[in-house]
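J.: sequence and predicted structure below; questions after.
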Amino acid sequence: MQLLKSIQLTDIVHLAQMAAEAVMKIYEQDFEVSYKEDNSPLTQADLQANTIICDTLTKNYPSIPIMSEETTQTPYEVRKEWLYYWCIDPIDGTKEFVKKSGEFTINIALMYKNEPVLGVVYAPTTRTMYSAKKGEGAFKNEQKLPLFTNPTPEGKLIVATSRSQLTPATQEYINSLPTREIEHIRMGSSLKLCMVAEGSADLYPRMAPTSEWDTAAADAIVREAGKMTYNFKTNKPLSYNKEDLLNPWFLVR
């Protein structure tokens, strides 16, 4: 893990903020929306943030390959040999960006083999910065996580769910929870994982499609806050750099 030690978390925090400046200039104007093959939205802000992040990482860390939602994916036969790599989602929550709800984030993760070891999640509209580095803790705007602990989970649970995808399977799981009261918080983007990391939510169940770049950066924060993102079916920690880059159903707790 020698390479991880050489990377300063503050440098990645500043990179996310730099990308956010460009993103917010577009967000505050009228902008065009196109659609990818999977019918997910794409804006100039996604592409501009991607260019800023990828160009900077390539310049500063030329030996570390990059996986980003907005670039062509490296074949599995090549990337399965990667020891370290960056996993980027230039704008997570593009649907919320288009709606101008403010619930979108810039996500940058450093991966070691199949796990996230450094993560930055920045919400530009609220200037909220989540960051973590393996062995050094997780933070929200420099406050160490978790910030809150639920003293009576058997009495009340706060459950975070997607603003745009509350599937029947997710609702069925929530209904099965053995607790007297459940408070629902619906939120866009990777902020839901960060809410569990900070303790403002107890659980985030996701029984709907996501990709590895949707979770990687926030998952680093979850893990350094003493929580975990579990594969829902195997109850093992979520694994990355798989042949299929779609995540299985998962549970953050």
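T.: Yep, it's here.

J.: may I see the buried residues of stretch 76-90?
T.: Under the neighbour-count criterion of 16 or more other CB atoms under 10 Å, stretch 76-90 has 84-90 buried. For the C-beta atoms, the positions are set from N, CA and C on the backbone; glycine is no exception.

J.: can I get those residues in a markdown table with distance to residue 76?
T.: Output for the buried residues of stretch 76-90, formatted as a markdown table (distance: CB to CB, whole Å):
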| residue | distance to residue 76 |
| --- | --- |
| 84 | 17 |
| 85 | 13 |
| 86 | 17 |
| 87 | 15 |
| 88 | 18 |
| 89 | 19 |
| 90 | 22 |
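
J.: closest one of these to residue 113?
T.: Top of the list for closeness to residue 113, among those and by CB to CB, is residue 84 at 8.4 Å.

J.: wait, isn't residue 83 in contact with residue 111?
T.: No. Using CB atoms under 8 Å, residue 83 is not in contact with residue 111; the gap is 9.3 Å.

J.: thinking again about what came up before, closest one of the buried residues of stretch 76-90 to residue 193?
T.: Looking across the buried residues of stretch 76-90 and measuring by CB to CB, the closest to residue 193 is residue 89, at 12.1 Å.

J.: now do the SS call for that closest one.
T.: Here residue 89 is strand, with the state taken from DSSP: H, G, I helix; E, B strand; the rest coil.

J.: thought it was touching residue 210?
T.: No. Assessed by CB under 8 Å, residue 89 is found out of contact with residue 210, at 10.2 Å.

J.: show me the strands in this protein, by range?
T.: Listed in chain order, the strands of the chain (DSSP state E) span 33-35, 41-43, 66-68, 84-92, 105-112, 115-123, 128-133, 137-140, 143-144, 156-162, 181-187, 204-206, 229-231, 250-252.

J.: same question for the first one, mean pLDDT?
T.: This predicted structure assigns strand 33-35 an average pLDDT of 85.

J.: ditto for the third one
T.: Mean per-residue pLDDT for strand 66-68: 98.

J.: kindly report the same for the fourth one.
T.: Averaging pLDDT along strand 84-92 yields 97.

J.: what does the second one give?
T.: Mean per-residue pLDDT for strand 41-43: 84.

J.: ok, it: who's next to it in the sheet?
T.: For strand 41-43, the paired strands and their directions (DSSP bridges) are strand 33-35 (antiparallel).

J.: hang on, the earlier thing: could you dump the strands of the chain to a markdown table with distance to residue 13?
T.: Formatted as a markdown table, the strands of the chain follow (distance: least, CB to CB, whole Å):
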| stretch | distance to residue 13 |
| --- | --- |
| strand 33-35 | 29 |
| strand 41-43 | 24 |
| strand 66-68 | 18 |
| strand 84-92 | 15 |
| strand 105-112 | 9 |
| strand 115-123 | 6 |
| strand 128-133 | 6 |
| strand 137-140 | 9 |
| strand 143-144 | 14 |
| strand 156-162 | 24 |
| strand 181-187 | 22 |
| strand 204-206 | 23 |
| strand 229-231 | 22 |
| strand 250-252 | 22 |
